[in-house]
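Asker: what's the 3D shape of this:
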Amino acid sequence: MVVVSQTNCLRMEDAGMTRDREKMDHSWRNDEFARREVIGHWWWLIIPVIAIVAGTLLPAVAWLTGTFTPASEVIIYTSQDQVYAEPILKQFERQTGIRVRAVYDSEVVKTVGLVNRLLAENDHPQCDIFWNNEELRTRQLAAKGVFEKWTAIGYRSRRIAVNTNRLSLAAAPHSIVELTNQSWRGKVALAYPLFGTTATHFLALRQVWGDKCWQNWCRALAANKPFLVDGNSVAAKLVAKGEAWVGLTDSDDIAAEQREGASIVELPLTEESLLVPNTIALVRGGGHSAGAERLFEYLKQPEVVEKLVTARALEGVCTRDVTRATLKPEWEGLLVGLDQGTAELKGVFLR
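Answerer: Numbering: from 1, shown residues only. The predicted structure follows:
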């Protein structure tokens, strides 16, 4: 009698199952009908998988290797601070494979320099998107037909800022009109009001106060020996250092100094404050229309605006969310009086 152990039985069973599987695999490989049946059942997945892989890998490869074609790039002029704009533009490149060539403005002349460039290039546009950090000059360019379309996103605000080591909040000036008082002589900092948001703010005040009253205030302010500096960030720094006690500047520049631990705070919004949206505009006749349209839509996305708010480049998502009374410019009238108002500012403040 032959005795077969349980272990040997299991080994014999495993060997048998292996031979059966090999036969099945061999028969399937030789069965043309079976192969076609399987492929026919799953063919609908092939094209989506290829599309997903291509959409994921090709932009990344183009971005990493720098192998962009003219059709896969876009040129943007922007007055948004580079420290805030650049990470967002880089993210767009990574997501789309479209290279972004950015031209940033100068802190000294801010938006006006890019506006003049766009006007000079109007017959032969050199850029596709204009990302502006204020509204007046965008409206000026739109009125001259430079853009196909534009939109506003988020907002900052023009504020009075004070150094709390120099001044208690109770003693601070709570109206722009007070900045001409003798007590603030030589203690106020602001950017030259010929460019950027400072110019827009002053021109909006002119519209509300009337030209005569406004000119008198401008002359009194200039006579009060303020620090007239090259840009709002410089004005905010002077207040942060305590060299100036009070500043008239932008909310994002105040936030930048607060991140550095400076003793600077902004005073609440008033009827003399100005909300300042960013704007995104598609340049008419730009050479990279497909990429430009994608970037235009990308910069409008709520998640992009939220990133700017989180970074404190913007103060909020929508001006309609602001409940306090602020300046509400009548933009068409402001544009009509732009040249005259600018000339009057030059007459008072030009060094």
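Asker: now Trp150, nearest residue through space, not along the chain?
Answerer: Spatial nearest neighbour of Trp150, chain neighbours left out: Ala281 (3.6 Å); criterion: Cβ to Cβ, 6 or more residues apart in numbering. Just so you know, the C-beta spots here come from the backbone N, C-alpha and C atoms, and that holds for glycine as well.
Asker: sorry, slip of the keys, the one I care about is Val239.
Answerer: The spatially closest residue to Val239, leaving aside those adjacent along the chain, is Gly247, at 3.9 Å (Cβ to Cβ, 6+ apart).
Asker: and the spatially most central residue of the chain, helix, strand or coil?
Answerer: By Cα atoms, centre = their mean, the mean C-alpha position of the chain lies nearest to Ala85, the distance being 5.2 Å. Put simply, Ala85 is helix when judged by DSSP: H, G, I helix; E, B strand; the rest coil.
Asker: and the pLDDT for the nearest residue to it once chain neighbours are set aside?
Answerer: Excluding the flanking residues, the one nearest Ala85 by Cβ to Cβ, 6+ apart is Thr78, at 5.3 Å. For Thr78, the pLDDT comes out at 96.
Asker: which residues does Thr78 contact?
Answerer: Contact partners of Thr78, counting by Cβ atoms under 8 Å, 6 or more residues apart in numbering, are 85, 102-105, 114, 129-133.
Asker: and those, which are buried?
Answerer: 85, 102, 104-105, 114, 129-133 (16 or more other Cβ atoms under 10 Å).
Asker: same list, those, but as TSV with pLDDT please.
Answerer: Shown next, in TSV, are those (pLDDT from 0 to 100):
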residue	pLDDT
Ala85	97
Ala102	96
Tyr104	93
Asp105	84
Leu114	92
Ile129	98
Phe130	98
Trp131	97
Asn132	96
Asn133	93
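Asker: a markdown table for the residues you listed, including secondary structure and distance to Leu205?
Answerer: As requested, the buried ones among the contacts of Thr78 are exported to a markdown table (DSSP: H, G, I helix; E, B strand; the rest coil; distance: Cβ to Cβ, whole Å):
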| residue | secondary structure | distance to Leu205 |
| --- | --- | --- |
| Ala85 | helix | 28 |
| Ala102 | strand | 32 |
| Tyr104 | strand | 28 |
| Asp105 | coil | 24 |
| Leu114 | helix | 24 |
| Ile129 | strand | 31 |
| Phe130 | strand | 26 |
| Trp131 | strand | 26 |
| Asn132 | strand | 21 |
| Asn133 | coil | 19 |
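Asker: show me how the chain divides into domains.
Answerer: 48-155+276-323, 157-274+339-349 (automatic domain parsing).
Asker: output the below-cut-off pLDDT ranges for the stretch 51-200 of the chain.
Answerer: 51-71, 107-111 (pLDDT under 70).
Asker: tally up the residues packed near Ala152, please.
Answerer: By other Cβ atoms under 10 Å, the residues close to Ala152 number 16.
Asker: you'd agree it is in a strand?
Answerer: Yes: counting by three-state DSSP, Ala152 is part of a strand.
Asker: re the thing from before, next helix or strand past the helix or strand harbouring the residue nearest to Trp150?
Answerer: Under the criterion of DSSP states H and E, Ala281 resides in strand 275-283. Per DSSP H and E, the first helix or strand lying C-terminal to strand 275-283 is helix 289-300.
Asker: okay, the angle between that following helix and strand 275-283?
Answerer: Here helix 289-300 runs at an angle of 170 degrees relative to strand 275-283 (axes from the mean of the first three to the mean of the last three Cα atoms, to 10 degrees).
Asker: what's the closest of the domains of the chain to Pro329?
Answerer: Nearest to Pro329, of all the domains of the chain, is domain 157-274+339-349, at 4.6 Å by Cβ to Cβ.
Asker: quick one: end-to-end length of the closest one, please.
Answerer: End-to-end distance of domain 157-274+339-349: 23 Å, with Cα to Cα, to the nearest Å as the criterion.
Asker: how far does it sit from the chain's center?
Answerer: A distance of 24 Å separates the centroid of the chain from that of domain 157-274+339-349, by Cα atoms, centre = their mean, to the nearest Å.
Asker: now swap in stretch 284-304 and tell me
Answerer: That offset, for stretch 284-304, works out to 13 Å (Cα atoms, centre = their mean).
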